[in-house]
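Participant: Take this sequence and fold it.
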Amino acid sequence: MDQSDHQVFVRSPFPPIGDYAFLSDCEAAALVAPSGNVEWMCLPRMDSPSVFAAMLDRDRGGFRLGPADVTVPAARRYLPGTMILETSWGTPTGWIIVRDVLLIGPWHHEDERSNSHRRAPTDYDADHVLLRMVRCVNGEVQTVMHCSPVFDYGRRPATWRYLGSGYHVAEAEGDGDQPAIRLTTDMRIGFEGTRATARTLLKEGEQRFVAMWWSEHAPPEDVDQAYRRLTWTAHHWQHWLARGRFPDHPWRAHLERSALTLKGLTFGPSGALLAAPTTSLPETPGGERNWDYRFTWIRDSTLTLWALDTLGFDWEADDFFCFIADVAERSDDLQIMYGVDGEKDLTEEILPHVQGYMNSRPVRIGNGAFDQRQHDVWGALLDSVYIHTSSRDGLDERLWPILSRFVEAAIEHWQEPDRGIWEVRGEPRHFTSSKVMCWVAADRGARLARLREDFEVAERWQRAADEMRADVLARGVDERGVFVQHYGTRALDASTLLIPLVGFLPPNDERIKATVNAIAEELTEQGLVLRYRVEETDDGLTGEEGSFTVCSFWLVSALALIGEHARARRLCEKLLSFASPLGLYAEEIEPSSGRHLGNFPQAFTHLGLINAVLHVIAAEADPSRPADVRIPGDQDR
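Facilitator: Sure thing, here's the model as predicted:
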């Protein structure tokens, strides 16, 4: 018998990535494990240092509320149409329900201006309160609360003290620049070293609350106030979702959860969309492909604006567009990514004291790719502007000199190698998708110039676009008529699925069909699409990675566009079946097991889901013609 047959399986202390719940108030975010433990939270912003980081190291801080002797819940769900988590627990003696929410309330700054908001004030604002409520619905349950913050990515342990004369308010203060955190509760708090704890026996019909807060805004003071503010927040999310335009279709719930997730990943004060609220969740457990995704990528802007506009969230589209315009206006040379308030310096740092999720090292903060040269970025920006500009009156005049500069940059540099859409850390190459996005920059620039009746500039840029297209068709296609990863190779790359989505060629072109079919047959594992074959690509890293989930959704859209409606629906159904128990998606899916890998939840994946689902629904509506959902860059064709 093989020796491996005698090996004992030891369950990891880390929950599966896909089992986390995501909470947000559009300024801070929290990830909650099934055990009821908040295992990732950064304060005061999503990209700030962590105060709870058990997701990356079991000794780096957490905040649990739940039964004393049970850690596996009976059920978990979001309250319908909200970002409020409800966890049901059954014990031998009774049942309790815990609800967790980052509170949102009315706009706070009536007598002074906010020092963080760049966008127009709305009627609501983050309360900077994590509220946890527990109710006993049957029998009696011994309930515990443990709060163990460790500031600055686990480097600064907390020091607790009581506030006031009783046991109901406490404060934890580190010695860094992060805000102190405070607990207010109707349970009695005690201290065990760096941990604040409370224990109470809940009987049927009884409720308790604990509110963690970190700003000058007051938390609820009793359980009735807590319930009212939870209800206000629930209504806020439901009213927000009601503004959207969703098809009456069985997949509507996936679109709604994706929309809520994207809203939750939006940093409200600036309008920026984070790629994910986490850092260093691994693409391969135990491997080195661990990155910080708490930034906004310019390349996501096209799909973001398309998704928001298509689903009817015009205000969010305007805010994100204004963020993109702000960073473009301040940039002589456009970066591929920025901080959530437009920060340019995202210098990467390794945290050697942090174990990493399932011992996946290194743990990184910052992202060293921020200053890479990636030629797709100009096209992403120009396509975003073009999508958002429906007429001459819709083009912000302050942007035109900036856009002109970026079109000229694409024309100047398109013949140079770069590191491609996947930010490879190997040698620069002439990546096909980068050349195509340079074409997008010139093509959209020419269209915008015609809107401005600047016909001489439009003609010059259109000539450049035509030259780029000819070069790609001559050097980026192999003898099979398939678009390849970069010039001089036969290797495939999922980024070429974007070619029909940006309108480089019509979907019925034989080269598009050949590329889509080649990727479906040769760049998949158990039907799920890889970004590329790691053995064929010099990405500067070792080890394997899972299937990149947005690429599988791109394949769904591409199949729908080329008329392969049945294949598109089958693949879409398969991908939707891989959603986490709460309807969320990480960056990657491991084909052999279906487990989620990489940072979580991932905006790019949810954007791809929206695009794919709407393409399939449109194809179902009229199977006799290609999907007529407006795709990025497809206006006025």
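Participant: State the phi and psi torsions of the residue nearest the centre of the chain.
Facilitator: Nearest residue to the geometric centre of the chain (Cα atoms, centre = their mean): A603, 2.7 Å. Backbone dihedrals for A603, given as degrees, to the nearest 10, come out at phi -60, psi -40.
Participant: give the contact list for it.
Facilitator: Contacts for A603 (Cβ atoms under 8 Å, 6 or more residues apart in numbering) come out as 261-262, 265, 273-276, 300, 304. All C-beta spots, glycine's among them, are computed from the backbone N, C-alpha and C.
Participant: Distance to L241 and neighbour count added to these, as CSV?
Facilitator: As requested, those are arranged in CSV below (distance: Cβ to Cβ, whole Å; neighbours: other Cβ atoms under 10 Å):
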residue, distance to L241, neighbour count
T261, 12, 24
L262, 12, 23
L265, 15, 25
L273, 17, 28
L274, 20, 27
A275, 22, 23
A276, 21, 25
D300, 21, 21
T304, 18, 28
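Participant: which of these has the weakest pLDDT?
Facilitator: Here the lowest pLDDT out of these sits on D300, with 81.
Participant: Name the SS class of that one, please.
Facilitator: With DSSP: H, G, I helix; E, B strand; the rest coil as the basis, D300 sits in helix.
Participant: Next, the contact list for the closest residue in space to it that isn't next to it in sequence, please.
Facilitator: Nearest non-adjacent residue to D300, counting by Cβ to Cβ, 6 or more residues apart in numbering: F604, 5.9 Å away. Residues in contact with F604 (Cβ under 8 Å, 6+ apart) are 275, 297, 300, 303, 550, 587.
Participant: Next one: F604 from G154, what distance?
Facilitator: Applying Cβ to Cβ, to the nearest Å, the value for F604 to G154 is 28 Å.
Participant: now swap in R182 and tell me
Facilitator: Taken as Cβ to Cβ, the span from R182 to G154 is 20 Å.
Participant: what residues are up against G176?
Facilitator: G176 neighbours (Cβ under 8 Å, 6+ apart): 49, 151-152, 156.
Participant: If you rank these by neighbours, which is first?
Facilitator: F151 (26 neighbours; other Cβ atoms under 10 Å).
Participant: Now do the contacts for that residue.
Facilitator: Per Cβ under 8 Å, 6+ apart, neighbours of F151: 49, 51, 157-158, 174, 176, 178.
Participant: So what does R99 look like in phi/psi?
Facilitator: phi -120, psi 130.
Participant: my bad, L103
Facilitator: Main-chain torsions, L103, degrees, to the nearest 10: phi -70, psi 140.
Participant: residues in contact with it?
Facilitator: Here L103 is in contact with 25, 126-127, 129-131, 229-230, 232-233 (criterion: Cβ under 8 Å, 6+ apart).
Participant: want to try JSON lines for the residues you listed, with pLDDT, distance to L571 and neighbour count as columns?
Facilitator: Formatted as JSON lines, these follow (pLDDT from 0 to 100; distance: Cβ to Cβ, whole Å; neighbours: other Cβ atoms under 10 Å):
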{"residue": "D25", "pLDDT": "97", "distance to L571": "35", "neighbour count": "24"}
{"residue": "A126", "pLDDT": "92", "distance to L571": "38", "neighbour count": "21"}
{"residue": "D127", "pLDDT": "95", "distance to L571": "41", "neighbour count": "26"}
{"residue": "V129", "pLDDT": "98", "distance to L571": "42", "neighbour count": "26"}
{"residue": "L130", "pLDDT": "98", "distance to L571": "38", "neighbour count": "27"}
{"residue": "L131", "pLDDT": "98", "distance to L571": "40", "neighbour count": "25"}
{"residue": "R229", "pLDDT": "98", "distance to L571": "43", "neighbour count": "21"}
{"residue": "L230", "pLDDT": "98", "distance to L571": "39", "neighbour count": "22"}
{"residue": "W232", "pLDDT": "97", "distance to L571": "41", "neighbour count": "15"}
{"residue": "T233", "pLDDT": "98", "distance to L571": "36", "neighbour count": "24"}
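Participant: Which member of these is positioned nearest D345?
Facilitator: Minimum distance to D345 across the contacts of L103 is 25.6 Å, recorded for A126 (Cβ to Cβ).
Participant: Would you mind confirming that the closest one is in contact with S24?
Facilitator: No: with contacts counted by Cβ atoms under 8 Å, A126 stays clear of S24, the gap being 9.0 Å.
Participant: Determine the residues that are contacts of both of the two.
Facilitator: By Cβ under 8 Å, 6+ apart, the residues touching both A126 and S24 are L102.
Participant: What about the contacts of F151, which are in helices?
Facilitator: Taking DSSP state H, every one of the contacts of F151 sits outside helices.
Participant: What is the nearest of the residues you listed to L255?
Facilitator: V51 (33.0 Å).
Participant: thought that closest one was touching R60?
Facilitator: No: look at V51 against R60 with Cβ under 8 Å: they stay out of range, at 9.5 Å.
Participant: Neighbour count for these two, which is higher?
Facilitator: Higher neighbour count among V51 and R60: V51, with 34 against 25, using other Cβ under 10 Å.
Participant: which residues does the more buried one contact?
Facilitator: Per Cβ under 8 Å, 6+ apart, neighbours of V51: 41-43, 61, 149-151, 178, 181.
Participant: Go through the biggest strand by length in the chain and flag the buried ones.
Facilitator: The longest strand of the chain (DSSP state E) is strand 124-148. Within strand 124-148, the residues that qualify as buried are 124-136, 140-148, counting by 16 or more other Cβ atoms under 10 Å.
Participant: Specify the next element, helix or strand, located C-terminal of that strand.
Facilitator: Once strand 124-148 ends, the next helix or strand along the chain (criterion: DSSP states H and E) is strand 150.
Participant: What is that following strand packed up against?
Facilitator: Judged by 3 or more Cβ pairs under 8 Å, 6 or more residues apart in numbering; DSSP states H and E, strand 150 is in contact with strand 50-52.
Participant: Show me where the stretch 301-450 of the chain has its helices.
Facilitator: 301-311, 314-329, 376-388, 400-413, 432-451 (DSSP state H, counting those that start in this stretch).
Participant: Export these as a markdown table, with columns for distance to R99.
Facilitator: Shown next, in a markdown table, are the helices of the stretch 301-450 of the chain (distance: least, Cβ to Cβ, whole Å):
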| stretch | distance to R99 |
| --- | --- |
| helix 301-311 | 27 |
| helix 314-329 | 26 |
| helix 376-388 | 38 |
| helix 400-413 | 46 |
| helix 432-451 | 44 |
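Participant: For D622, find the nearest of these.
Facilitator: Closest among the helices of the stretch 301-450 of the chain, using Cβ to Cβ: helix 301-311, at 17.4 Å.
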